[in-house]
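*Asks:* build me a model from this:
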Amino acid sequence: MAISQLFLLSPRGDSIIHRDYRGELERSTTEVFFKNVKFYQGKHQEAPPIFNVDGVNYMYMKKNGIFFVLTSIDNVSPSLAMEFLLRVTKVFKDYCGIFSEESIRSNFILLYELLDEIMDNGYIQGTSSDTLKSYIFNEPVVVEKKKMKFQLPKFNPKTTSSDATNKPISFKDSKTGGKDEIFVDIFERISITFHSNGNVLHSSIDGTIQMKSYLSGNPELKLALNEDLTIGVGNKTGSYGSVEIDDCNFHECVRLDEFESQRIMSFHPPDGEFVVMNYRITSDFRIPFRIFPFFELSSPYKVELIVKIRADIPETNGGTNIVVQFPVPKSTSSVSSQTGIGVQGQNTEYDSKKQMVLWRIKKMLGGTEHTLRSKIVLTKAHTNSVKKEIGPISMQFEVPLYNPSSLQVRYLRIMPTAPGQSTNPYRWVRYVTKSQSYVCRL
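*Replies:* The predicted structure is shown next:
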């Protein structure tokens with residue numbers, strides 16, 4: 001089961017990187033792929049992640065608008081192909097700093113060197129950034145993100161920009177690479193299903209503790225979590241208010257000698273961005289946003305749906321990039337939506353092609369409520385089943401500096417690499433909560 005080709009295409013279909021490992025296929029596969037990915041089976045629709053054209057298997061992933069594509073004439077495992085593409089994108093980001101078309105074009109020599117070490121004759125050799133550094137000799141060309149014309153002044157020296165992690169790992173041991181620092185991210189993705197009356201039918205959290213190190217000398221780290229952390233379904237040994245997670249797994253570099261007794265993880269961080277720990281929670285937690293739908297049949301040709309959203313997060317926090325959407329009946333001729341009077345930072349849109357209503361909220365502070373009133377006009381008189389054709393209501397959001405599980409980093413200790421040596425690098429910890437599947441049934 002060998003890979004024939006790996007290539008990267010821009011959103012316009014231009015070939016940025018093209019590596020042919022076995023010489024089995026023509027270079028025209030890039031044109032065949034782009035034609036099918038945009039007009040799959042002759043229709044104006046995107047192709048599935050894996051498809052076959054004339055005996056050639058195409059497997060692709062889209063990242064920041066860039067198509068990562070594998071081709072093969074063998075029956076390659078789909079899960080293996082997708083996992084490999086995901087790891088290649090991470091390796092590219094580790095070595096380039098940021099992942100964009102400009103950075104790829106500026107570092108194509110480095111990326112070709114990486115591809116030659118990652119795969120040999122179509123067989124995967126390794127995708128670890130830490131292992132690859134011994135065989136990579138080209139230095140990256142740093143491409144900075146485009147900055148806004150207006151920049152807010154930095155008032156708090158204890159905070160740093162989220163772009164601070166966009167540095168190549170080759171800067172880790174470089175004297176010109178900047179200060180010693182380490183970044184810890186606690187990402188929590190929430191999945192919730194609401195009943196039409198607002199009650200929660202299902203809720204879960206998929207959490208990740210992610211780290212990126214720019215420490216010289218690769219010292220040992222000790223990462224401590226909540227002392228009252230309990231692990232395992234039905235394990236109620238913790239006190240009231242303790243953090244309960246159902247299960248978890250760790251990176252291979254993590255030593256768990258002190259984890260059972262003190263909830264301390266010890267490890268030497270590998271190069272690049274890596275996941276220290278994954279965890280899952282299904283016990284009760286504080287729901288960040290609640291959705292309340294109200295359905296009214298105003299006339300035989302008009303239906304009215306009122307959606308109220310309440311932010312149950314602390315008042316000091318706020319949700320950003322909020323998008324609420326729901327489908328409407330196929331017989332819909334028009335939709336008019338209204339938000340609250342004098343409300344700013346909100347807009348509504350009706351996509352007639354997808355028959356979808358979208359409600360965007362720029363920012364929503366904790367303890368506040370917002371309401372959307374949508375009047376749906378139908379081309380034919382509705383029946384009792386019209387309610388089944390509307391919804392479900394889905395919601396996307398991001399809440400920085402907040403995690404509903406209350407999992408906290410107690411401390412991050414950096415052990416000295418030599419006796420008597422003191423290390424005091426910058427330690428940055430960030431908490432981010434995102435929606436994964438946030439749905440309210442009607």
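*Asks:* buried ones in the helix or strand encompassing residue 398?
*Replies:* In this assignment (DSSP states H and E), residue 398 forms part of strand 393-400. Neighbour counts using 16 or more other Cβ atoms under 10 Å place 393-397, 399 of strand 393-400 among the buried residues. Yep, even glycine has a C-beta here, placed from its N, CA and C like the rest.
*Asks:* now those residues as a markdown table including pLDDT and distance to residue 56?
*Replies:* Formatted as a markdown table, these follow (pLDDT from 0 to 100; distance: Cβ to Cβ, whole Å):
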| residue | pLDDT | distance to residue 56 |
| --- | --- | --- |
| 393 | 95 | 41 |
| 394 | 96 | 36 |
| 395 | 96 | 40 |
| 396 | 96 | 35 |
| 397 | 96 | 40 |
| 399 | 95 | 44 |
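*Asks:* and the strand holding residue 398, what does it pack against?
*Replies:* The contact analysis (3 or more Cβ pairs under 8 Å, 6 or more residues apart in numbering; DSSP states H and E) places strand 393-400 against strand 289-299, strand 318-327, strand 426-440.
*Asks:* buried ones in stretch 47-54?
*Replies:* Using 16+ other Cβ under 10 Å as the burial criterion, the residues of stretch 47-54 that qualify are 47, 51.
*Asks:* contacts for it?
*Replies:* Residues external to stretch 47-54 that are found in contact with it (Cβ atoms under 8 Å, 6 or more residues apart in numbering): 32, 36-37, 40, 57-61, 78, 81-82.
*Asks:* how about 6 Å then?
*Replies:* For stretch 47-54, the external contacting residues (Cβ atoms under 6 Å, 6 or more residues apart in numbering) are 32, 36-37, 40, 58-59, 78.
*Asks:* relative to the strand holding residue 398, what are the paired strands and their orientations?
*Replies:* With DSSP bridges as the test, strand 393-400 is paired with strand 318-327 (antiparallel), strand 426-440 (antiparallel).
*Asks:* list the buried residues of the following helix or strand past it.
*Replies:* Using DSSP H and E, the helix or strand that follows strand 393-400 towards the C-terminus is strand 409-414. Of the residues in strand 409-414, those with enough neighbours to count as buried (16+ other Cβ under 10 Å) are 412, 414.
*Asks:* distance between strand 409-414 and the chain's centre?
*Replies:* Relative to the chain's own centre, strand 409-414 is displaced by 25 Å; criterion: Cα atoms, centre = their mean, to the nearest Å.
*Asks:* which residues touch the spatially closest residue to residue 380 that is not a sequence neighbour?
*Replies:* Leaving out its chain neighbours, the residue that sits closest to residue 380 by Cβ to Cβ, 6 or more residues apart in numbering is residue 331, at 5.2 Å. Taking Cβ under 6 Å, 6+ apart as the contact definition, residue 331 lies against 378-380.
*Asks:* mind redoing it with 8 Å?
*Replies:* Under the criterion of Cβ under 8 Å, 6+ apart, the contact list for residue 331 reads 378-380, 382.
*Asks:* one step back: who's in contact with the strand holding residue 398?
*Replies:* With contact meaning Cβ under 8 Å, 6+ apart, strand 393-400 is reached by 288-289, 291, 293, 307, 309, 313, 317-326, 364, 430-435, 437-440, 442.
*Asks:* how close does residue 356 sit to residue 324?
*Replies:* Look at residue 356 and residue 324: by Cβ to Cβ, to the nearest Å, they are 11 Å apart.
*Asks:* more neighbours: those two, which one.
*Replies:* Between residue 356 and residue 324, counting by other Cβ atoms under 10 Å, residue 324 is the more crowded of the two (23 against 15).
*Asks:* residue 59: neighbour count?
*Replies:* The tally of other residues near residue 59 (other Cβ under 10 Å) stands at 23.
*Asks:* how about it, secondary structure?
*Replies:* Of the three states, residue 59 takes strand under DSSP: H, G, I helix; E, B strand; the rest coil.
*Asks:* for it, what are its contacts?
*Replies:* Counting by Cβ under 8 Å, 6+ apart, residue 59 touches 49-50, 69-72, 76, 78, 81-82, 85.
*Asks:* measure it to residue 189 for me?
*Replies:* 25 Å.
*Asks:* cool, and residue 245?
*Replies:* The spacing between residue 245 and residue 189, counted by Cβ to Cβ, is 14 Å.
*Asks:* likewise for residue 355?
*Replies:* Using Cβ to Cβ, we find residue 355 at a distance of 28 Å from residue 189.
*Asks:* circling back: what about the contacts of residue 331, which one has the most neighbours?
*Replies:* Each of those was scored by neighbour count (other Cβ under 10 Å); the top score is that of residue 378, with 20 neighbours.
*Asks:* which ones among the contacts of residue 331 map onto strands?
*Replies:* The subset of these located in strands under the criterion DSSP state E comprises residue 378.
*Asks:* check the contacts of residue 331 and tell me the two furthest apart.
*Replies:* 379 and 382 (10.2 Å; Cβ to Cβ).
*Asks:* shared neighbours of these two, which are they?
*Replies:* When contacts are counted by Cβ under 8 Å, 6+ apart, residue 379 and residue 382 are jointly contacted by 301, 331.
*Asks:* can you give me the helices for the chain?
*Replies:* Secondary structure of the chain, counting by DSSP state H: helices at 29-38, 78-96, 101-106, 108-118, 129-132, 259-262, 386-389.
*Asks:* how about low-confidence regions in the stretch 1-150 of the chain?
*Replies:* By pLDDT under 70, the weakly predicted segments of the stretch 1-150 of the chain are 1, 145-150.
*Asks:* returning to that earlier point: output the contacts of residue 59 as TSV; include the columns distance to residue 15.
*Replies:* Output for the contacts of residue 59, formatted as TSV (distance: Cβ to Cβ, whole Å):
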residue	distance to residue 15
49	20
50	20
69	10
70	14
71	13
72	18
76	21
78	24
81	20
82	21
85	17
